[in-house]
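> Attaching a predicted model along with its sequence, questions to come.
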Amino acid sequence: MTVRPGETRGRMPDRADATLTFIGRIHTPFVRRADCPRRGRPDGPLCRLLVDTAWRPALEGIEVGARIEVLYWMHLARRDLLRQVPAGASAALGTFALRSPVRPNPIATALATVVSVEADGLMVRGLDCVDGTPLLDIKPDFRPTEE
């Protein structure tokens, strides 16, 4: 894999410490990583959180208009960079100082607004991931709103 000047690669550990369960898939209009916005927007395109059958009862209580935090697994991201040079930047930064998808554990989070609640999942706005991204979790956003 290509490393930009100034970037540093690390070695992946020989062990795994946890097991994750994907609870569904995210469907977006973004076919390639290059199509994805840098950050989801509240007025972004309509996206579907397709929740696996076993997890659908866990959607109870989510309402239209609710703000939710969507956690997902960036399955196309590399995982070996310790320092990265973001596109357009002149210097490298540590991976943990960036929102880059390239991380040891490519877990992403986005705040989304529920547009509709359906039998098989949710329609939302505010995502920034490629179509088919594995869904890890959905949580209510209880942050105070700005006035």
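Arrived safely.

> So the spatially most central residue of the chain versus Lys139, what's the distance?
Nearest residue to the geometric centre of the chain (CA atoms, centre = their mean): Ala108, 3.4 Å. Ala108 sits at a distance of 13 Å from Lys139 (criterion: CB to CB, to the nearest Å). The C-beta positions use only the backbone N, C-alpha and C, and glycine is treated the same way.

> check contacts around Leu20.
Listed by CB atoms under 8 Å, 6 or more residues apart in numbering, the contact set of Leu20 reads 73, 136.

> tell me which helix or strand of the chain sits lowest on mean pLDDT?
Each helix and strand of the chain was given a mean pLDDT (mean pLDDT, DSSP states H and E); the minimum falls on strand 8-9 at a mean of 84.

> Following element in sequence after that strand, please.
Toward the C-terminus, strand 8-9 is succeeded by strand 24-27 as the next helix or strand (DSSP states H and E).

> Remind me what that next one packs against, helices and strands.
Secondary-structure packing of strand 24-27 (3 or more CB pairs under 8 Å, 6 or more residues apart in numbering; DSSP states H and E): strand 46-51, strand 133-140.

> helices and strands around the last one, which ones?
It refers to strand 133-140. Secondary-structure packing of strand 133-140 (3+ CB pairs under 8 Å, 6+ apart): strand 24-27, strand 46-51, strand 67-73.
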